[in-house]
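Participant: Sharing a model that was predicted from the sequence below.
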Amino acid sequence: GAVVSQHPSWVICKSGTSVKIECRSLDFQATTMFWYRQFPKQSLMLMATSNEGSKATYEQGVEKDKFLINHASLTLSTLTVTSAHPEDSSFYICSASTELPWSYEQYFGPGTRLTVT
Amino acid sequence: DAKTTQPPSMDCAEGRAANLPCNHSTISGNEYVYWYRQIHSQGPQYIIHGLKNNETNEMASLIITEDRKSSTLILPHATLRDTAVYYCIVTDSGGGADGLTFGKGTHLIIQP
């Protein structure tokens, strides 16, 4: 159980276009979802936290108008990279957690590799 | 969340126990020690967590010193598939209410 999927697993887009990445919890309801970004040979950096039905909370330095997050249901969160540029090329990873009392971990998706040309 | 310090890399022979240290000298009383690992180009995977007592599950054991200022993750019989970056994370959210702060981790390489 506790599987998180991401779609697509990789995407190549042209500079100036927008890209949407989906994160789904397949067998549980995720009250909170997180989006991370990982550049080559670096660690994961938290971008934002989203709770179902409310606006996402962005980490300092992350542009909320560029990285649009929608958490419309308890099983789906989307990250849209708007007007993508080559410097946005990165590995984007989502994770999900629940409010269940025995829940003690975040469940991570497999990641989406974005390349902007 | 308290900061952690880990060696950047370690080697271990296949079949031997891999012992990964983590220093968290500024940990506070309500903070847990979590371990995740990330195999190349995949999302992180939860391994184990603890507060004060030593913990064991099917993947690993976690040894926390009495003063809680450091801990060791033990993979009892390392295999090639255990090659990954291992992250030690200290957090008071206890499960996922807050995002995780990943340090640089330890790149564990299991040698055949």
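Facilitator: Good, I have the coordinates.
Participant: The strand or helix carrying residue A:5 pairs with which strands, parallel or anti?
Facilitator: Using DSSP states H and E, residue A:5 maps to strand A:4-7. Note on strand A:4-7: by DSSP bridges, its sheet partners are strand A:19-25 (antiparallel).
Participant: contact partners of the helix or strand just after the strand it pairs with?
Facilitator: Next helix or strand after strand A:19-25 toward the C-terminus (DSSP H and E): strand A:32-38. Residues from elsewhere that reach strand A:32-38 (Cβ atoms under 8 Å, 6 or more residues apart in numbering or on different chains): A:23, A:25, A:44-51, A:67, A:69, A:71, A:77, A:79, A:90-98, A:106, A:111, B:96-97, B:99-100, B:102. Where you see a C-beta, it was placed from the backbone N, CA and C, and this is true even at glycine.
Participant: Next, check these against the strands and list the overlap.
Facilitator: Cross-referencing the contacts of strand A:32-38 against strands under DSSP state E gives A:23, A:25, A:45-51, A:67, A:69, A:71, A:77, A:79, A:90-97.
Participant: could you give the mean pLDDT of stretch B:41-58?
Facilitator: Summarised as a single mean, pLDDT over stretch B:41-58 is 94.
Participant: swap that for stretch B:6-20, please
Facilitator: The average pLDDT for stretch B:6-20 rounds to 97.
Participant: Residue A:13: neighbour count?
Facilitator: 16 (other Cβ atoms under 10 Å in any protein chain shown).
Participant: Just to check, it is in contact with residue A:112?
Facilitator: No - in this structure, residue A:13 is not within contact of residue A:112 by Cβ atoms under 8 Å, at 11.7 Å.
Participant: helices or strands up against whatever helix or strand residue B:74 lives in?
Facilitator: With secondary structure defined by DSSP H and E, residue B:74 is part of strand B:70-75. Applying 3 or more Cβ pairs under 8 Å, 6 or more residues apart in numbering or on different chains; DSSP states H and E, one finds that strand B:70-75 contacts strand B:18-23, strand B:45-50, strand B:61-64, strand B:84-91.
Participant: Check which element follows the second one along the chain.
Facilitator: Spelled out, it's strand B:45-50. Next along from strand B:45-50, by DSSP H and E: strand B:55-56.
Participant: Can you tell me the strand partners of that next one and which way each runs?
Facilitator: By DSSP bridges, strand B:55-56 pairs with strand B:61-64 (antiparallel).
Participant: give me the number of residues near residue B:88?
Facilitator: Neighbours of residue B:88 (other Cβ under 10 Å): 26.
Participant: how far away is whichever residue of chain A sits closest to chain B from residue B:101?
Facilitator: Nearest to chain B in chain A, going by Cβ to the nearest Cβ, is residue A:97, at a distance of 2.5 Å. As for residue A:97, its distance to residue B:101 is 15 Å (criterion: Cβ to Cβ, to the nearest Å).
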